[in-house]
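Peer 1: I would like to see how this sequence folds:
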Amino acid sequence: YQNEVLPVDVPRFGMTAGLPVTLEGLVGANGTVWGLDHFGYSGPYTVLDEKFGFTADNVYEQVTKLLI
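Peer 2: Numbers count the residues shown, from 1 in each chain. Have a look, this model is predicted:
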């Protein structure tokens, strides 16, 4: 079932506010994961999203790199 939903030959992009390792099994060798390698920061999510790259522009850039 997983191979039907997530075909192996299609590039996959995963994004998590946690550790990238949590999605690496799903994206596989043909994909990449954008995530955090640290924890413990606090503040408004809008400020943290901007600081850590969880913005539309950055996600677009990361996905474009994967597809090129």
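Peer 1: tell me the centre residue of this protein?
Peer 2: Met15 (2.3 Å; C-alpha atoms, centre = their mean).
Peer 1: where in the chain is pLDDT low?
Peer 2: In the predicted model of the chain, no residue satisfies pLDDT under 70.
Peer 1: in the longest helix along the chain, what's buried?
Peer 2: The single longest helix within the chain, with elements called by DSSP state H, is helix 56-67. For helix 56-67, burial by neighbour count (16 or more other C-beta atoms under 10 Å) applies to Gln62. Heads up, the C-betas are built off the backbone N, CA and C, glycines and all.
Peer 1: over to stretch 31-45?
Peer 2: Within stretch 31-45, the residues scored as buried using 16+ other C-beta under 10 Å are 31-35.
Peer 1: now what about it, what contacts it?
Peer 2: For stretch 31-45, contacts defined as C-beta atoms under 8 Å, 6 or more residues apart in numbering pick out 11-20, 22-24, 27, 48, 51-53, 59, 62, 65-66.
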